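> Can you look at this prediction? I've put the sequence above it.
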Amino acid sequence: MSLSVAEACLVRATVTTQIRRVAHPHFDFSHLSPEERLQLVEDLWDSLAVGAPESVPIPESHARELDRRMAALREDGESGRPWREALDAIDEGLTGRGG
């Protein structure tokens with residue numbers, strides 16, 4: 001099958017347009033409320049963990065920090081406190097300051 005020059009130009013323009021759309025997708029989120037945008041971000045974030053969470057890259061600095069924290073936990077044991085207890089202490093501190 002042989003294409004005319006005009007057909008070849010049309011095919012090239014169409015392919016170029018499709019490549020640009022894939023390379024630089026444009027999504028208009030202006031019609032979404034802030035709550036809907038946050039839900040979209042949450043849904044996108046959650047979708048990264050589905051199937052292959054190990055495929056999500058972790059920066060080397062984050063891996064080092066996780067290693068440091070795990071070592072500190074092993075060394076110190078249960079030095080923390082339950083989150084509810086910590087939250088109550090924060091609330092008490094804010095209440096005492098009139099916050």
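Arrived safely, thanks for sending.

> Please put the alpha-carbon coordinates of stretch 89-99 into CSV.
C-alpha atoms of stretch 89-99 as CSV (Å, rounded to 0.1, in the frame of the first residue of the first chain):
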residue,chain,number,x,y,z
ALA,A,89,-1.3,14.9,75.8
ILE,A,90,-1.3,17.4,72.9
ASP,A,91,-4.9,18.2,73.5
GLU,A,92,-4.3,18.7,77.2
GLY,A,93,-1.4,21.0,76.4
LEU,A,94,-3.5,23.1,74.0
THR,A,95,-6.4,23.3,76.4
GLY,A,96,-4.1,24.4,79.2
ARG,A,97,-2.8,27.3,76.9
GLY,A,98,-6.3,28.3,75.9
GLY,A,99,-5.9,26.7,72.4
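
> Check the offset of it from the chain's centre.
Relative to the centre of its chain, stretch 89-99 is centred 33 Å away, using Cα atoms, centre = their mean, to the nearest Å.

> Please apply the same query to stretch 86-99.
Stretch 86-99 sits 31 Å away from the centroid of its parent chain (Cα atoms, centre = their mean).

> likewise stretch 73-80?
Its chain's C-alpha centre and that of stretch 73-80 lie 29 Å apart, by Cα atoms, centre = their mean.

> now stretch 34-48
The answer for stretch 34-48 is 8 Å, by Cα atoms, centre = their mean.

> I'd like the average pLDDT over that stretch.
The average of the pLDDT scores along stretch 34-48 is 89.

> ditto for stretch 60-73
Stretch 60-73 carries an average pLDDT of 92.
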